[in-house]
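Trainee: Next come a sequence and a model predicted from it.
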Amino acid sequence: MPEMSVTTDQREITFAQAIREALAEEMRRDPTVCILGEDVAEAGTPFKVLAGLLEEFGKDRVLDTPISEAGFTGLAVGAAMTGMRPIVDIMFGDFITLTMDQMVNQAAKVHYMSGGHWKAPMVMRTTLGATRRSAAQHSQSLHAWFCHVPGLKVILPSTPYDAKGLLKTAIRDDNPVVFFEDKMMYKLKGHVPAADYTLPLGVADVKREGEDITLVATSSMVQVALGAAAMLEEIGISAEVVDPRTLWPLDENTLIQSARKTSRAIVLDEGYERYGVTAEIASLIAAGAFYDLDAPVKRMGAMHVPIPFSPPLEDMTVPTEQTVFEAARKMCGR
Amino acid sequence: MPISVVMPALGMAQETGKLISWLKREGEPVTKGEPLLEVETDKAVMEVESPEGGVLAGITAQPGDEVQVGRTIAWILKPGEAVPTNGYGHVVPAVAATNLANAIVAARTAESVVAPRSDSARVKISPKARRLAAEHGIDPAQLRGTGPAGEILAADVLAAAEARPATDLAPAAADQSPLAAKNAVLLPRSSPVARLMAERTTQSWTTIPHFFLARELDTSALLAARHDLSASVQKSYRVKLSLSDLLIGLIARVLARHPRMNASWLDGKVRPNSDINICLAIAVADGVVAPVITYADKGPLGAIALQRHQLTERARASRLQPSDLAGGTFTLSNLGMFDVDAFTAIITPPQVAILAAGRITDRVVAVAGQPAVRPMITLTLSSDHRVIDGARAAEFMRDLAAAVAEPQKWLLQ
């Protein structure tokens, strides 16, 4: 277990370190917490997020599995129902396809169908995000699929601070929770207090305050929105960046109030734009802030194509600081 | 050559027009036919289109100004041109309504260059701006949008609310009595039609010496004529013949014998009108309008019915054209459909008379010394005593009574 070199209130750690800290702290606190997935033990995952956990907690609590997502997810659901708090690692979010029956028909339903007798307190950690040159099967952002299913909670942290606080809450939650990490964000540094803390689900965070336009952004798009906001500031447009942080439960009120304040909103999410998270949030804002809007709510998500391997083409499929800046500028009539 | 923009005459005898707003700013490019300004005439608020393409410059009239018809209020410049300083330039002919014939021609011409004001429902406006406009009592149609596609935004409404003079506040602001405050909430803000109605009737009632003559007439023959003629009108014109149509036809033919009743009072003089154009007062949502049935003394009754039908439809849809409202020489106001027995009406200047028709209802009257039941109507004539005296008005009413008694004979004349 590598020790954190900085332990003051101002310390900065990476997103990956924040995840690792949350896991380690919860595993120390609660002996029922365990990790299972492909390459989670010796390898510490290809992203090295879990490096050191095997050494501290041993093979009984950090389990390498075969390449069999449906199988070990089912294993986790059963373990959760019988008293454990398993954390399933699905290396690439693209492969949640294989876990769907276990998550949607078993984990999400068991509490309801058993009349509250059973529960499935498990966390599925997985990834999203393009622009890693990983091609069409390793670059998708499919979190909208889980948001569509009652009985699952869905978390999309965008900073090291949020990641740690929300993951600890997710592990302590008695419901199945899916935790999406942007695979491009693991090296992002940010302030994380050394002291133990958790963050509540269903509470959005205003990442930047502004007056002229609201940029609702999730996960990877939060940094894009903050970059676009900085560009907008240079031409005199004050953008507010709001991060819902959890897509279910969803803090509708904060999103609507922000749009009511600024009169304009763009919703950014790296999932496919069609039938996606942006549609849901844009619709909530349109309904909740209708009489305070000066323009139709705009959505920006991934292009409706398989993510290309070609770097120039891949970069065109997702919103960037430049495209968000242009869209916001146009919406503000500049 | 710079093209002048002049205050147009959109109605008969219109001397001034009130500039409501510029739809383009100084220095802004305009294309030919694009709405350029809004003008309030004596009848309605109209958009006036640009006579030429170029750049708007040299604006000399501001919103709210009463401007003499024909006066240059701005210029349309081509690249490299400057605003003329001596007042010369290619002046677009203003519609000088010195006499009725010109006015009618002018109004017809105006139809091609003047578009009816778009109603507020079709104004491009954001939901927030629409809500704020309602809260501030601002008509969005009067605003100019600064949105990416010209839509009205919240900031435009707030700027207009800020700029509005204190005198334009809701009436309740002046009168703090609880009742006034309550009414102010209940009554919608005045529309242009309602505001014009208030201005015109006040002007008429306070400047014209009105006097009134009433006649009670047996309408048996009139009802019979409608019965006899309605089938052929329906067949030829596909409209239902109304009593108003018959009355308009008869009034027009009687007016032909009484040119003074068909005259105008302008600049202290009686000016005869060569044509007989009857205005028919029509109730609409926010007041009353009186579109014109032209040449009512000529042509068949069906033509009157058709005109009346079309004008009524347009009036109710708020789609009357300037030409629909211009050139009237006499007005008929019929409140029979509201079961009014009799009433007196206010003259529409520069006309000199208006006829008020009550309902037709069965009454017991003496016929050859015996009580008999007859469908009676009360017609009340309001006349301008500067032009008409009692005897002349009585003669007109005598002939009108004769026409009502023998409608088919008069209509065939």
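Mentor: Right, received. Where do you want to start?
Trainee: going forward, measure contacts and count neighbours with C-alpha atoms only.
Mentor: OK.
Trainee: What are the phi and psi values at residue A:292?
Mentor: Dihedral angles of residue A:292 (phi, psi; degrees, to the nearest 10) stand at phi -120, psi 10.
Trainee: Quick check: closest non-adjacent residue to the residue of the stretch 151-300 of chain B found nearest chain A.
Mentor: Closest contact between the stretch 151-300 of chain B and chain A, by CA to the nearest CA, is at residue B:153 (5.8 Å). Distance criterion CA to CA, 6 or more residues apart in numbering or on different chains; nearest residue to residue B:153, sequence neighbours excluded, is residue B:129 at 5.1 Å.
Trainee: Which positions in chain A make contact with chain B?
Mentor: Residues of chain A lying near chain B by CA under 8 Å from any CA of the partner chain: A:263, A:290, A:291, A:292, A:293, A:294, A:295, A:330, A:331, A:332, A:333, A:334.
Trainee: Return the helix-or-strand element of chain A with minimal mean pLDDT as PDB; C-alpha atoms alone will do.
Mentor: Ranking every helix and strand in chain A by mean pLDDT, DSSP states H and E puts helix A:311-316 at the bottom, with a mean of 92. Presented in PDB, the C-alpha positions along helix A:311-316 are these (Å, rounded to 0.1, in the frame of the first residue of the first chain):
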ATOM      1  CA  PRO A 311      -7.800   9.600 -33.700                       C
ATOM      2  CA  PRO A 312      -9.000  12.600 -35.900                       C
ATOM      3  CA  LEU A 313     -12.300  10.900 -36.400                       C
ATOM      4  CA  GLU A 314     -12.700   9.800 -32.800                       C
ATOM      5  CA  ASP A 315     -12.100  13.400 -31.600                       C
ATOM      6  CA  MET A 316     -15.000  14.600 -33.800                       C
END
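Trainee: Buried by neighbour count: which residues of that helix qualify?
Mentor: A:314, A:315 (16 or more other CA atoms under 10 Å in any protein chain shown).
Trainee: For it, name the packing helices and strands.
Mentor: Packing contacts for helix A:311-316, counted by 3 or more CA pairs under 8 Å, 6 or more residues apart in numbering or on different chains; DSSP states H and E, involve no helix or strand.
Trainee: centre of the chain versus the helix or strand following that helix, how much separation?
Mentor: Following helix A:311-316 in sequence order, the next helix or strand is helix A:321-331 (DSSP states H and E). Chain-centre distance of helix A:321-331: 24 Å, with CA atoms, centre = their mean, to the nearest Å.
Trainee: for helix A:321-331, packing partners?
Mentor: Using 3+ CA pairs under 8 Å, 6+ apart, helix A:321-331 sits against helix A:220-234.
Trainee: Kindly report the residues of chain B close to chain A.
Mentor: B:126, B:127, B:128, B:129, B:130, B:131, B:146, B:147, B:148, B:153, B:154.
Trainee: so which of those comes closest to residue B:285?
Mentor: Of all the residues of chain B next to chain A, residue B:285 sits closest to residue B:130, with 21.3 Å by CA to CA.
Trainee: Report the spatially nearest residue to that closest one, omitting neighbours in sequence.
Mentor: Nearest to residue B:130 is residue B:140, by CA to CA, 6+ apart, at 7.3 Å.
Trainee: Can you get me a residue count around that neighbour?
Mentor: 24 (other CA atoms under 10 Å in any protein chain shown).
Trainee: Over to the one 5 residues further on?
Mentor: Taking other CA under 10 Å as the neighbour definition, residue B:145 ends up with a count of 23.
Trainee: cool, and residue A:55?
Mentor: 12.
Trainee: Any stretches of chain B with poor pLDDT?
Mentor: Within chain B, the stretches with pLDDT under 70 are B:11-13, B:42-44, B:85-122, B:165-192, B:413.
Trainee: So residue 157: helix, strand or coil?
Mentor: Reading this off chain A. Using DSSP: H, G, I helix; E, B strand; the rest coil, the structure places residue A:157 in coil.
Trainee: host element of the residue nearest to residue B:153?
Mentor: helix B:127-136.
Trainee: What of residue B:306?
Mentor: Applying DSSP H and E, one finds residue B:306 within helix B:301-316.
Trainee: List the buried residues for the longest strand belonging to chain B?
Mentor: If you go by DSSP state E, chain B has its longest strand at strand B:370-384. Within strand B:370-384, the residues scored as buried using 16+ other CA under 10 Å are B:374, B:375, B:376, B:377, B:378, B:379, B:380, B:381, B:382, B:383, B:384.
Trainee: Give the other helices and strands that that strand contacts.
Mentor: strand B:210-218, strand B:353-357, strand B:361-367, helix B:390-405.
Trainee: Tell me which helix or strand comes right after the first one.
Mentor: Reading on from strand B:210-218 to the C-terminus, the next helix or strand found by DSSP H and E is helix B:220-237.
Trainee: mind exporting that next one as CSV, just the C-alpha atoms?
Mentor: Extracted in CSV, the C-alpha atoms of helix B:220-237 (Å, rounded to 0.1, in the frame of the first residue of the first chain):
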residue,chain,number,x,y,z
SER,B,220,-93.1,43.7,-43.0
ALA,B,221,-92.0,44.6,-46.5
LEU,B,222,-88.3,44.4,-45.6
LEU,B,223,-88.7,40.9,-44.1
ALA,B,224,-90.7,39.9,-47.2
ALA,B,225,-87.9,41.3,-49.4
ARG,B,226,-85.3,39.3,-47.6
HIS,B,227,-87.4,36.2,-47.9
ASP,B,228,-87.9,36.8,-51.6
LEU,B,229,-84.2,37.7,-52.4
SER,B,230,-82.3,35.4,-50.1
ALA,B,231,-82.5,32.3,-52.3
SER,B,232,-81.0,34.1,-55.4
VAL,B,233,-78.3,35.8,-53.3
GLN,B,234,-77.4,32.4,-51.7
LYS,B,235,-77.3,30.9,-55.2
SER,B,236,-75.2,33.5,-56.8
TYR,B,237,-73.0,34.7,-54.0
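Trainee: I'd like the next helix or strand past it.
Mentor: helix B:243-255.
Trainee: relative to helix B:390-405, how tilted is that following helix?
Mentor: Angle, helix B:243-255 to helix B:390-405, by axes from the mean of the first three to the mean of the last three CA atoms, to 10 degrees: 130 degrees.
Trainee: other SSEs contacting helix B:243-255?
Mentor: helix B:220-237, helix B:301-316, helix B:390-405, helix B:407-411.
Trainee: which residues are in contact with that helix?
Mentor: The list of residues contacting helix B:243-255 from outside it, by CA atoms under 8 Å, 6 or more residues apart in numbering or on different chains, reads B:222-223, B:226, B:261-262, B:276-278, B:296-297, B:301, B:304-305, B:308, B:332, B:334, B:396, B:399-400, B:403-404, B:407, B:410-411, B:413.
Trainee: Can you select the buried ones from those residues in PyMOL?
Mentor: Of the contacts of helix B:243-255, the buried ones can be selected in PyMOL as follows, counting by 16+ other CA under 10 Å:
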select buried, chain B and resi 222+223+226+261+262+276+277+278+296+297+301+304+305+308+332+334+396+399+400+403+404+407+410+411
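Trainee: show me what contacts the residue positioned nearest the centre of chain A?
Mentor: For chain A, residue A:156 is the residue whose C-alpha lies nearest the centre (CA atoms, centre = their mean; 1.7 Å). By CA under 8 Å, 6+ apart, the residues touching residue A:156 are A:179, A:180, A:181, A:218, A:219, A:245, A:246, A:247.
Trainee: same thing with residue A:64?
Mentor: With CA under 8 Å, 6+ apart, residue A:64 has these contacts: A:36, A:37, A:38, A:39, A:40, A:41.
Trainee: Now do the same for it: its pLDDT.
Mentor: pLDDT recorded at residue A:64 is 96.
Trainee: Can you give me the buried ones in the helix holding residue B:306?
Mentor: B:301, B:302, B:303, B:304, B:305, B:306, B:307, B:308, B:309, B:311, B:312, B:315.
Trainee: now the strands: where do they sit in chain A?
Mentor: Secondary structure of chain A by DSSP E: the strands cover A:12-14, A:33-37, A:62-64, A:85-90, A:123-128, A:153-155, A:177-182, A:189-191, A:205-208, A:213-217, A:239-243, A:246-248, A:265-272, A:298-302.
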